[in-house]
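Enquirer: Below is the sequence, then the predicted model.
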Amino acid sequence: MDSKNFKTIIDFLMKNNGFTAAYGGWYKESQDAIIVLCLQHSTYGPTYYLNIKIYIHGFLNQVYKISKFLVQSDVGDIFTRPLKEYSNIFDLDNSLTDDTRKVLLESMFSNYLVPLSNLSLSKQGMLELENRNWITLLPAVNNYLRTNK
């Protein structure tokens, strides 16, 4: 699969699953948080990384608005990438057929990205994501979420 087709499929799946495109990435937001997803191209070959960043409104007295900086530069209050079981989907140099890659992308959205994005939009949900080992919370973030549920 070439990069253009891969990005087209990702964009379609993002929009079909409630994400809004902005500044080369996608986001969802709530009163508690903004989750931002963006593709990062590897400098070592035809591989992509999916950066997942969560910005928590109120943490360190911040109220976030979607911006080019949030999407393209900043790492957020919580930063992660998809579980290792999905890493082969983003390596465009492996032996996956285009149809198989598309099916795996759809599965990743259904079983991982949509639940992760929905849970990340509430403080209680973020704690649930940590319990599932889908994210790692830094101590200050963990403390904030536990004391401001």
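Expert: Nice, I can see it.
Enquirer: Secondary structure class of the nearest residue to Lys53 once chain neighbours are set aside, three-state.
Expert: Residue nearest to Lys53 in three dimensions, not counting chain neighbours: Gly76, with 3.2 Å by Cβ to Cβ, 6 or more residues apart in numbering. (Glycine included, C-beta is placed from N, CA and C.) Reducing the assignment to helix, strand or coil with DSSP: H, G, I helix; E, B strand; the rest coil, the entry for Gly76 is coil.
Enquirer: and if you look at the one 3 residues further on?
Expert: Under three-state DSSP, Phe79 falls in the strand class.
Enquirer: Beyond the helix or strand hosting Asn5, next helix or strand please.
Expert: Taking DSSP states H and E as the definition, one finds Asn5 inside helix 3-16. Sequence-wise, the next helix or strand downstream of helix 3-16 (DSSP H and E) is strand 20-22.
Enquirer: ok, residues contacting that following strand?
Expert: For strand 20-22, contacts defined as Cβ atoms under 8 Å, 6 or more residues apart in numbering pick out 11, 14-15, 26-28, 66, 71.
Enquirer: before we move on, back to that, quick one: pLDDT of the residue nearest to Lys53?
Expert: The predicted local confidence for Gly76 comes out at a pLDDT of 95.
Enquirer: Phi, psi for it please.
Expert: Listed backbone geometry of Gly76 is phi 80, psi 180, with angles given as degrees, to the nearest 10.
Enquirer: now the helices for this structure?
Expert: Ranges of helices within the chain are 3-16, 68-72, 98-108, 114-119, 123-131, 139-147, based on DSSP state H.
Enquirer: For the closest residue to Thr47 other than its chain neighbours, grab the count of nearby residues.
Expert: Sequence neighbours aside, Asp91 is the residue nearest to Thr47 in space, at 4.8 Å (criterion: Cβ to Cβ, 6+ apart). Residue neighbour count, defined by other Cβ atoms under 10 Å, stands at 15 for Asp91.
Enquirer: about what we covered before: C-alpha coordinates for the helix holding Asn5, CSV please?
Expert: Backbone C-alpha positions of helix 3-16 (Å, rounded to 0.1, in the frame of the first residue of the first chain) are rendered in CSV as follows:
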residue,chain,number,x,y,z
SER,A,3,1.4,6.3,1.6
LYS,A,4,-1.3,8.3,-0.1
ASN,A,5,-3.8,5.4,0.0
PHE,A,6,-2.9,4.6,3.6
LYS,A,7,-3.5,8.2,4.7
THR,A,8,-6.8,8.3,2.7
ILE,A,9,-8.1,5.2,4.5
ILE,A,10,-7.0,6.6,7.9
ASP,A,11,-8.7,9.9,7.2
PHE,A,12,-11.9,8.1,6.2
LEU,A,13,-11.9,5.9,9.3
MET,A,14,-11.2,8.9,11.5
LYS,A,15,-14.1,11.0,10.1
ASN,A,16,-16.4,7.9,10.1
